[in-house]
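Chemist: here is my input, please return the structure:
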Amino acid sequence: MNTDSLFAGALDEVRGVLEDGAAAEVDRLCDEVLRAHRIACYGVGREGLMMRALCMRLMHLGLDAHMVGDMTTPALGQGDLLIVSAGPGSFSTVKALAGVAHSAGARVAAVTAQPTGDVPSAADAVIHLHAQTMANDTGGTSVLPMGSLYEAAMLIFFDIVSIVLRERTGQTMEEMRARHTNLE
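Modeler: All right, here's what the predicted structure looks like:
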């Protein structure tokens with residue numbers, strides 16, 4: 001397969017994920033974020049990198065958003081939200097942290113490609129992205145390896161979430177840009 005075909009296949013696959021019900025999932029996640037007092041985000045591996053991207057955009061929107069594991073992440077409690085990613089449906093650390101958040105009275109929103117997995121089954125809100133992950137990559141049809149289709153779709157999905165949140169909160173790009181770090 002030549003490189004141009006790989007690009008075309010990857011782009012078609014990401015488009016397919018985002019056109020397969022993702023608009024309703026954007027609204028569901030935005031509703032959860034807007035009702036939360038404080039937000040914490042968590043994911044493992046490459047999914048964790050996409051969760052960091054989401055957390056950064058939430059901060060750019062002026063929301064009280066933190067990454068689990070950072071030294072400055074405050075405790076969650078009643079009225080707060082933990083957003084986790086469990087593409088294949090379950091990761092032991094994600095499951096454990098969701099349990100801690102629930103015990104503290106926080107809601108849990110699980111972003112996943114496998115909505116019947118352990119983590120989404122126990123979540124208060126499930127954000128379903130119809131994409132291949134490592135849970136179904138053997139014999140899978142994606143040109144992208146392992147869970148890359150899910151992860152690539154997450155990045156674009158989360159930026160669309162940030163645009164919808166910006167519109168819902170009446171903010172401008174200039175307000176978001178003003179919150180961007182100047183310590184680079």
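Chemist: please tell me how far residue 70 sits from residue 114.
Modeler: When distance is defined by CB to CB, to the nearest Å, residue 70 is 27 Å away from residue 114. Just so you know, the C-beta spots here come from the backbone N, C-alpha and C atoms, and that holds for glycine as well.
Chemist: with neighbour numbers in mind, choose between the two.
Modeler: For residue 70 versus residue 114, the count of surrounding residues by other CB atoms under 10 Å is larger for residue 114: 22 against 10.
Chemist: now the more buried one: closest residue in space that isn't a chain neighbour?
Modeler: Leaving out its chain neighbours, the residue that sits closest to residue 114 by CB to CB, 6 or more residues apart in numbering is residue 89, at 3.3 Å.
Chemist: can you pull out the strands in this protein?
Modeler: 39-42, 65-67, 81-85, 107-112, 125-128 (DSSP state E).
Chemist: shouldn't residue 124 be in contact with residue 108?
Modeler: Yes - using CB atoms under 8 Å, residue 124 is in contact with residue 108, at 5.4 Å.
Chemist: who's more crowded, these two?
Modeler: Higher neighbour count among residue 124 and residue 108: residue 108, with 27 against 15, using other CB under 10 Å.
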